[in-house]
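1. predicted model follows, preceded by the sequence.
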Amino acid sequence: LMQGEDDEAEEEGDEPCDPVKLGVFSHRFMSIAEQMGRTLQRTSISVNIKERLDFSCALLTPEGDLCAHAPHIPVHLGAMSAAV
């Protein structure tokens with residue numbers, strides 16, 4: 001979902017972003033990232049992951065840009081786009 005001016009959206013061929021849809025999808029993506037983290041924590045055998053929560057989960061766009069991340073350890077997020 002692209003958020004910006006109507007003129008910019010028309011130039012790029014994208015429709016302008018509806019704030020309600022943006023909020024709904026933002027919360028959906030954040031929920032998916034949080035569920036990824038809970039699943040990783042629940043199924044892990046590593047103490048660092050299971051007890052210290054030393055991991056990060058995020059959803060990235062096909063270009064590798066950050067879309068949503070879970071609030072675990074955000075220090076890992078900077079390297080995610082380069083790793084993809």
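-> Good, I have the coordinates.
2. which neighbouring elements make contact with the helix with the most length in the chain?
-> Scanning the chain for the longest helix, with DSSP state H as the assignment, gives helix 19-43. On a contact count with 3 or more C-beta pairs under 8 Å, 6 or more residues apart in numbering; DSSP states H and E, helix 19-43 meets helix 47-50, strand 58-60, strand 66-69. C-betas here are computed from N, CA, C, even on glycine.
3. low-confidence ranges in the chain?
-> Applying pLDDT under 70 to the chain picks out residues 1-13, 73-74, 76-77.
4. how close does the most centrally placed residue in the chain get to Arg28?
-> Among the residues of the chain, the one closest to the centroid is Ala68, at 1.7 Å (C-alpha atoms, centre = their mean). Taking C-beta to C-beta, to the nearest Å as the measure, Ala68 falls 8 Å from Arg28.
5. Ile45 too?
-> For Ile45, the distance to Arg28 (C-beta to C-beta) stands at 30 Å.
6. ok, these two, which is more surrounded?
-> With neighbours defined as other C-beta atoms under 10 Å, Ile45 and Arg28 compare such that Arg28 has more, 12 against 6.
7. picking up where we left off before, roughly how far apart are the residue nearest to the centre of the chain and Thr39?
-> Using C-beta to C-beta, we find Ala68 at a distance of 16 Å from Thr39.
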